[in-house]
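Novice: Have a look; sequence and predicted model below, questions after that.
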Amino acid sequence: MEKIIVRGGNRLSGTVRVEGAKNAVLPVIAATLLASEGKSVIHDVPALSDVYTINEVLRYLNAEVSMEGNQVTVDASRELKLEAPFEYVRKMRASVLVMGPLLARNGRARVALPGGCAIGSRPIDQHLKGFEAMGASVKVGNGFIDAEVTGRLRGAKIYLDFPSVGATENIMMAAVLAEGTTVIENCAKEPEIVDLANFLNAMGAKVRGAGTGTIRIEGVSELQGAVHTVIPDRIEAGTFMVAAAITGGNVLVQGAVPEHLSSLIAKMEEMGVTIIEEENGLRVIGPEKLKAVDIKTMPHPGFPTDMQSQMMALLLKAEGTSMITETVFENRFMHVEEFRRMNADIKIEGRSVIMNGPCRLQGAEVAATDLRAAAALILAGLAAEGYTRVTELKHLDRGYVRFHEKLAALGADIERVREQESTVNEEKLTDLNI
Ligand SMILES: CC(=O)N[C@H]1[C@@H](OP(=O)(O)OP(=O)(O)OC[C@H]2O[C@@H](n3ccc(=O)[nH]c3=O)[C@H](O)[C@@H]2O)O[C@H](CO)[C@@H](O)[C@@H]1O
Ligand SMILES: C=C(OP(=O)(O)O)C(=O)O
């Protein structure tokens, strides 16, 4: 088992470059299945375990997939299989994104039903409602979803009960090959939706309105492979912005797109952080004292739930009482108990968390409970006294490339070790009695 050991207290400085966005590349790779002709070449693909998983899913489905450096090439022109088994969906829920493309191309898809996860129950009823509206019959049983349509899917008007990112993506990917026009109302507006629409259009699709609350898709009869560069990861960028702020540092986050980060920038500025737009990114300068603020997570352009735990780490260092309300997922507070182990004055009240700061954070052994919690605990460790040991790094590896190396290059005292290789550090830790 591996763990990250971080000693708090160093101010970060320098430049860090963000990778391509995990949440953009996963649907884009799923969408390559729609091309019955030609290869797709995707650039700026981050080397993440989730990317390896989606590549494996595509290979299982009989597509030819290769990854060299940050470039993924997919040839999906052979006949595809219909089924995405549980071993992949269990590893990564985003595997359900192959359902729309398979249904559109084959008229049939069988995908293991994703379970809940550490952040909530996460049903996919809105995805299925969309497929049904387009004429598919959908059956759920024995742990699988079976969807089937006679002939082609048919364009339909679909109103989402909630602007679900995954449902918007899956329905878009099904609709591009449907007969007639599909209108998705109350759809998600995230930058990753716009990125997927751009890729689909490059493949020959006719998608309009991505980034607004209504998307119109005129179905076409076939799509070809296309070349695409994935947008920068706004959540990785945001995580480094918090790392700069929590250490009172001065960091240029290269590749951060200000328009994708407006709610985070606004909240950090309210806290007293200086954020300067530079030609190729955002410079973030942490103040001596941080101010308390309240935050509510919302669909884009509201405050992203994927930045909630990292901002919680930052608010623990702010003067006064702060509140975070989580409205997107019902159970995304597992990291609160871990922060408490680091001496945080923090409590959960329903869907809100209340923090009294500034907390004198102390190093402790803590376990990552999900992907963003992993990053948040490391951020807290950067500002804590002594050594923090973070375990369960499989969560971190889903969404961050060489996270500890990037922080070390900015001046953090951090290393990643295997249990048996950590003797030196263990001695240090024992000396400090933690
Ligand atoms: C791979 C990827 O891009 N993951 C992101 C995506 O997840 P994901 O696409 O799963 O998130 P959704 O936007 O679909 O989910 C948001 C909320 O809607 C609910 N819901 C969703 C679909 C549905 O059919 N029925 C339903 O009730 C979910 O349980 C959740 O409470 O968007 C989330 C919200 O920004 C982010 O936190 C995830 O990082
Ligand atoms: C929750 C996340 O991802 P996923 O939807 O893949 O679990 C995330 O990226 O923070």
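Specialist: Here it is on my side, so go on. Numbering: from 1, shown residues only. Ligands and ions are numbered 1, 2, ... in the order given.
Novice: Up against ligand 2, what does the chain have?
Specialist: 23, 93-94, 306, 371-372, 399 (Cβ under 6 Å from any ligand atom). Yep, even glycine has a C-beta here, placed from its N, CA and C like the rest.
Novice: just the strands in the stretch 101-250 of the chain please.
Specialist: Assigned by DSSP state E, counting those that start in this stretch, the stretch 101-250 of the chain shows strands spanning 108-112, 137-141, 144-148, 157-159, 181-185, 206-208, 214-218, 223-224, 227-229, 250-254.
Novice: try the stretch 251-400 of the chain
Specialist: 274-278, 281-285, 290-291, 294-296, 318-325, 346-349, 352-357, 365-367, 387-391.
Novice: Need the winner for burial among the ones you listed.
Specialist: Among the strands of the stretch 251-400 of the chain, strand 387-391 has the highest mean neighbour count (mean count of other Cβ atoms under 10 Å), at a mean of 24.
Novice: contact partners of it?
Specialist: The contact list for strand 387-391, computed with Cβ atoms under 8 Å, 6 or more residues apart in numbering, reads 1, 3-8, 342, 363-368, 374, 377-378, 380-381, 396, 425, 428-429, 432, 434.
Novice: Please pick the buried ones from those.
Specialist: 3-8, 342, 363-368, 374, 377-378, 380-381, 396, 425, 429, 434 (16 or more other Cβ atoms under 10 Å).
Novice: Let me have the strands of the stretch 101-250 of the chain in CSV, extended by mean pLDDT and mean neighbour count.
Specialist: Listed next are the strands of the stretch 101-250 of the chain as CSV, based on pLDDT from 0 to 100; neighbours: other Cβ atoms under 10 Å:
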stretch, mean pLDDT, mean neighbour count
strand 108-112, 96, 21
strand 137-141, 96, 12
strand 144-148, 97, 20
strand 157-159, 98, 16
strand 181-185, 98, 20
strand 206-208, 98, 17
strand 214-218, 98, 20
strand 223-224, 98, 21
strand 227-229, 98, 19
strand 250-254, 98, 21
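Novice: which parts of stretch 26-43 are buried?
Specialist: 26-36, 39-40, 42.
Novice: could I get the strands of the stretch 251-400 of the chain as a markdown table with mean pLDDT?
Specialist: Output for those, formatted as a markdown table (pLDDT from 0 to 100):
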| stretch | mean pLDDT |
| --- | --- |
| strand 274-278 | 98 |
| strand 281-285 | 98 |
| strand 290-291 | 98 |
| strand 294-296 | 98 |
| strand 318-325 | 98 |
| strand 346-349 | 98 |
| strand 352-357 | 97 |
| strand 365-367 | 97 |
| strand 387-391 | 98 |
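Novice: for this protein, which spans come out with low pLDDT?
Specialist: Residue ranges of the chain with pLDDT under 70: 116, 420-434.
Novice: Show me where the stretch 51-200 of the chain has its helices.
Specialist: 86-91, 99-106, 125-133, 165-175, 191-202 (DSSP state H, counting those that start in this stretch).
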